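**Q** coordinates only, sequence not included:
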């Protein structure tokens with residue numbers, strides 16, 4: 001995203017940072033309006049789960065650096081100053097003698113592994129794959145955070161639309177009550193109609209109270225998904241977008257196999273454990289190392305120098321079956337990683353198929369509920385006209401109003417299910433970019 005696009009997103013979201021308490025990692029913000037893109041942008045910047053994934057990635061990178069350090073020579077320096085004072089026995093036939101002297105030693109030592117027959121390479125390769133796995137784990141954590149933000153945003157839009165439906169039902173019930181009272185005052189309707197519409201208004205108010213509370217809960221869920229605390233009530237676009245999906249189930253599964261971060265991470269761990277198993281077996285082989293040192297020593301200054309250098313061949317002959325046990329342990333870990341990969345692949349394919357079918361089913365429900373809402377609105381209009389003409393009953397209006405409210409809420413649920421299924425499907429196939 002370029003700079004102008006970033007500024008546009010921030011202006012659209014209307015975000016003003018007021019305070020930040022880094023100790024508790026709570027970010028307080030004032031948000032006037034929020035788009036889906038703005039919400040998705042906020043989450044990776046503030047959600048704590050991504051900080052944990054980032055820390056794991058840094059830890060894996062440090063492990064790789066540590067493993068690679070064995071490719072370089074080891075160089076150490078040391079210095080010793082020693083003072084000795086006391087009685088010394090040089091010969092049992094002579095009495096002890098008191099002696100005082102100093103001893104000064106300084107030196108530089110160096111060592112380098114020359115050949116270890118692949119042991120070091122295996123460890124470096126394993127740690128490199130662990131870094132790849134940690135990177136994929138971060139991508140997976142980010143994708144999960146984005147999906148949760150999208151689901152919470154859609155839940156907020158759903159709650160907002162349901163509030164609008166219930167408030168409209170309250171207004172319509174109030175109109176019916178006024179109409180029933182007017183008819184009753186002129187003797188055209190019985191007291192039952194007034195009582196009935198009063199009950200309808202009370203029920204509509206109860207539904208509206210519940211819907212407004214659900215809206216507040218949806219806002220809390222969205223704040224939590226973004227990792228912030230919004231100090232004000234913000235506005236969102238209250239319309240669902242129905243984005244058509246043209247991919248097939250087979251192409252979705254193929255895409256998931258290639259791009260799902262969890263699969264990439266699990267495969268990297270399989271390869272890492274195989275490298276560790278090979279490195280463990282290589283401990284049976286000899287190691288050739290070079291060493292050298294330059295030392296200065298004397299009882300007093302100036303110090304006199306000397307140096308030494310050589311090669312060391314180390315061949316393990318018998319280690320109490322410890323090496324073979326390490327090999328067996330590493331191979332078992334590799335087998336377990338492979339089995340976990342297969343289990344994960346099956347679970348992901350099931351996840352893809354379930355969300356794909358849910359998306360298709362929600363799309364069909366959207367089409368069906370559109371007709372349902374239209375028919376329910378016509379039915380209510382007919383009932384209201386009949387009641388106004390004196391040939392209908394209050395019960396018919398109540399039933400028609402309830403049918404219309406339920407039809408609208410059913411359509412809202414279908415729209416929410418479609419968008420949430422699409423968000424889950426994108427997560428299932430590994431589409432992490434937004």
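**A** It's in. Note that the structure is predicted; figures quoted are calculated from it, not measured.
**Q** identify each buried residue in the host helix or strand of residue 402, please.
**A** Assigned by DSSP states H and E, residue 402 belongs to helix 394-429. With burial defined by 16 or more other Cβ atoms under 10 Å, the residues of helix 394-429 counted as buried are 394, 396-398, 400-405, 407-429. All C-beta spots, glycine's among them, are computed from the backbone N, C-alpha and C.
**Q** chain neighbours aside, what residue packs nearest to residue 305?
**A** Setting aside the residues directly before and after it, residue 305 is nearest to residue 296 in space (Cβ to Cβ, 6 or more residues apart in numbering), at 5.0 Å.
**Q** what helices or strands is the helix or strand where residue 334 lies leaning on?
**A** Using DSSP H and E, residue 334 falls within helix 322-388. Contacts defined by 3 or more Cβ pairs under 8 Å, 6 or more residues apart in numbering; DSSP states H and E place helix 322-388 against helix 249-259, helix 261-281, helix 394-429.
**Q** quick one, it and helix 394-429 angle?
**A** Angle of helix 322-388 versus helix 394-429, following axes from the mean of the first three to the mean of the last three Cα atoms, to 10 degrees, is 160 degrees.
**Q** OK, contacts around the closest residue to residue 215 other than its chain neighbours?
**A** Counting by Cβ to Cβ, 6+ apart, residue 159 is the residue found nearest to residue 215 once chain neighbours are left out, at 4.2 Å. The contact partners of residue 159, taken as Cβ atoms under 8 Å, 6 or more residues apart in numbering, are 211, 214-215, 217-218.
**Q** let's go with 10 Å and repeat that
**A** Contacts for residue 159 (Cβ atoms under 10 Å, 6 or more residues apart in numbering) come out as 211-219, 221-222, 238, 412, 416.
**Q** so which of those residues sits lowest on pLDDT?
**A** Minimum pLDDT across these is recorded for residue 238, with 74.
**Q** for that one, the count of nearby residues, please.
**A** A count of nearby residues for residue 238, using other Cβ atoms under 10 Å, gives 13.
**Q** wait, it touches residue 163, no?
**A** Yes - here residue 238 reaches residue 163: they are 9.4 Å apart, a contact under Cβ atoms under 10 Å.
**Q** quick one on the thing from earlier: the residue nearest to residue 215 and residue 281, how far apart?
**A** Look at residue 159 and residue 281: by Cβ to Cβ, to the nearest Å, they are 59 Å apart.
**Q** cool, residue 310 as well?
**A** 28 Å.
**Q** between those two, which one's more packed in?
**A** The neighbour comparison of residue 310 against residue 281 (other Cβ under 10 Å) goes to residue 281, with 18 against 9.
**Q** apart from its chain neighbours, what residue comes closest to the more buried one?
**A** Leaving aside its sequence neighbours, residue 281 sits nearest to residue 327 (Cβ to Cβ, 6+ apart; 4.9 Å).
**Q** pLDDT score for the one you found?
**A** 96.
**Q** next up, the contacts around it.
**A** By Cβ under 10 Å, 6+ apart, residue 327 lies in contact with 276-284.
**Q** buried among those residues? Need that as a selection in PyMOL.
**A** Restricted to buried positions by 16+ other Cβ under 10 Å, the PyMOL selection for these reads:
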select buried, resi 276+277+278+279+280+281+282+283
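**Q** can you list the contacts of residue 327 in TSV and add pLDDT and distance to residue 58?
**A** Below are these laid out as TSV (pLDDT from 0 to 100; distance: Cβ to Cβ, whole Å):
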residue	pLDDT	distance to residue 58
276	96	21
277	96	26
278	95	27
279	95	23
280	95	26
281	95	30
282	94	29
283	93	29
284	93	34
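**Q** just give me the closest of the contacts of residue 327 to residue 203.
**A** Distance to residue 203 across the contacts of residue 327 (Cβ to Cβ) is lowest for residue 276, with 66.3 Å.
**Q** for that closest one, give its distance to residue 297.
**A** 43 Å.
**Q** quick one: stretch 287-302 to chain centroid distance?
**A** Relative to its chain's centre, stretch 287-302 lies at 54 Å (Cα atoms, centre = their mean, to the nearest Å).
**Q** now that stretch: buried residues?
**A** Buried residues in stretch 287-302, defined by neighbour count with 16+ other Cβ under 10 Å: 287, 289, 293, 295-296.
**Q** I'd guessed residue 105 sits against residue 77; true?
**A** No - Residue 105 lies out of contact with residue 77 (Cβ under 10 Å); the separation is 11.7 Å.
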